[in-house]
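Novice: build me a structure from this.
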Amino acid sequence: MFAVVRIRGSIGLNKARKDTLNMLNLTRVNHCVVIRGDPSYTGMLRKIENYVTWGEITKETLEKLVLKRGRVTGNKKIEPEKVKKITETILKDKSVKNTPLKPVFRLHPPKKGYKSIKVLYPKGDAGYRGEKINELLKRMI
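Specialist: Residues are numbered from 1 along each chain as shown. Purely as a prediction, here's the structure:
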């Protein structure tokens, strides 16, 4: 499973890339979605890699993300006793669709900031970063 975070805005963005970001529900900067690692999603991520960063999310980070940033209809927080069940459902189904959660996690900008949003990882922050996405998410929760 991948966690995808949008790190750049939409100024100067062509229509195809804007549509791809909308298909992934990444409509604003610092929004995060959890998706499957299918080849179709990987192709979409390669298309918009200059505007997002992504990597494999761990179970611990996903639990923390659901607890702190997960919201249900009405913008209400998740009860702590339901977090484990929701996290297991997400990992089993590899999707947020079968849970009461909204599909997007709204995050804070990272503490200590980004390196560079214009350069690909490892020199900057855009693009694929593997397991290091968990460190970024912990700074943003």
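
Novice: from here on, just use CA atoms for contacts and neighbour counts.
Specialist: Fine.

Novice: do you know how far the residue lying closest to F2 once chain neighbours are set aside is from I117?
Specialist: Spatial nearest neighbour of F2, chain neighbours left out: E56 (4.6 Å); criterion: Cα to Cα, 6 or more residues apart in numbering. E56 is 19 Å from I117, where distance means Cα to Cα, to the nearest Å.

Novice: hmm, back to that, per-residue pLDDT, the residue nearest to F2?
Specialist: Reported pLDDT at E56 in the predicted model: 96.

Novice: my guess is it contacts A3. True?
Specialist: Yes - using Cα atoms under 8 Å, E56 is in contact with A3, at 6.3 Å.

Novice: got any residues that touch both of the two?
Specialist: I133 (Cα atoms under 8 Å, 6 or more residues apart in numbering).

Novice: which residue lies farthest from the center of this protein?
Specialist: E81 (23.2 Å; Cα atoms, centre = their mean).

Novice: is that residue in a helix, a strand, or coil?
Specialist: helix (DSSP: H, G, I helix; E, B strand; the rest coil).

Novice: state the distance from it to V66.
Specialist: E81 is 12 Å from V66, by Cα to Cα.

Novice: go on, I35?
Specialist: On the measure of Cα to Cα, I35 and V66 end up 14 Å apart.

Novice: quick one: the strands in this structure?
Specialist: 2-6, 31-35, 52-56, 71-72, 76-77, 105-106, 127-128 (DSSP state E).

Novice: closest to A16 out of those strands?
Specialist: Closest to A16 of those is strand 52-56 (Cα to Cα; 14.9 Å).

Novice: and the closest one, which strands flank it?
Specialist: Sheet pairing of strand 52-56 (DSSP bridges) gives strand 2-6 (antiparallel), strand 127-128 (parallel).

Novice: got JSON lines for these, with distance to V72 too?
Specialist: As requested, these are arranged in JSON lines below (distance: least, Cα to Cα, whole Å):
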{"stretch": "strand 2-6", "distance to V72": "19"}
{"stretch": "strand 127-128", "distance to V72": "29"}
